[in-house]
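Q: Output the structure for:
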Amino acid sequence: MNIETKIELKIYELAQNILCLDNQEKIYPNTRLVDLGADSLDMMELMITIEEEFDLGILDAAVLDNEESLTIRDLVNLTIKEIGKKF
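A: Below is the predicted model of the structure:
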């Protein structure tokens, strides 16, 4: 399993936990967080949890300004991008 897949699976897990989704609920890369029932506080909690999990600082205004369209794939890409900056 490559690193991108590991990151994606971890973000799925974090989203499921924070949004209280059961394991049967399907989450796809293009699933919007709002479609999973996330409000702005849930999104903030998810971003902070991702930052802590991967020791990053990715929370920015662009993410919060686009929370209506923010997808799981967006979070994965943003996380991978920020991890890349560390090396």
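
Q: helices and strands of this structure: which one bottoms out on pLDDT?
A: Across the helices and strands of the chain, mean confidence by mean pLDDT, DSSP states H and E is lowest for helix 61-65: a mean of 66.

Q: quick one: stretch 73-81 to chain centroid distance?
A: Distance of stretch 73-81 from its chain centroid, counting by C-alpha atoms, centre = their mean, to the nearest Å, is 7 Å.

Q: List of residues touching it?
A: Stretch 73-81 is contacted by residues 4, 7-8, 11, 15, 29-30, 46-47, 50, 54, 56, 58, 63, 66 when judged by C-beta atoms under 8 Å, 6 or more residues apart in numbering. C-beta here means a position set from N, CA and C on the backbone, and glycine is covered the same way.

Q: Give me the next element, helix or strand, following the least confident helix or strand of the chain.
A: Heading C-terminal from helix 61-65, the first helix or strand you meet, by DSSP states H and E, is helix 72-85.

Q: can you give me the mean pLDDT across that next one?
A: When pLDDT is averaged over helix 72-85, the result is 89.

Q: list the buried ones in it?
A: 72, 74-76, 78-79, 82-83 (16 or more other C-beta atoms under 10 Å).

Q: ditto for stretch 4-19
A: Neighbour count says stretch 4-19 has 7-8, 11-12, 14-15, 18-19 buried, by 16+ other C-beta under 10 Å.

Q: want to throw these into a markdown table with secondary structure, pLDDT and distance to Leu41?
A: Output for the buried residues of stretch 4-19, formatted as a markdown table (DSSP: H, G, I helix; E, B strand; the rest coil; pLDDT from 0 to 100; distance: C-beta to C-beta, whole Å):
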| residue | secondary structure | pLDDT | distance to Leu41 |
| --- | --- | --- | --- |
| Ile7 | helix | 92 | 24 |
| Glu8 | helix | 92 | 24 |
| Ile11 | helix | 93 | 18 |
| Tyr12 | helix | 92 | 20 |
| Leu14 | helix | 94 | 15 |
| Ala15 | helix | 93 | 14 |
| Ile18 | helix | 94 | 10 |
| Leu19 | coil | 92 | 11 |
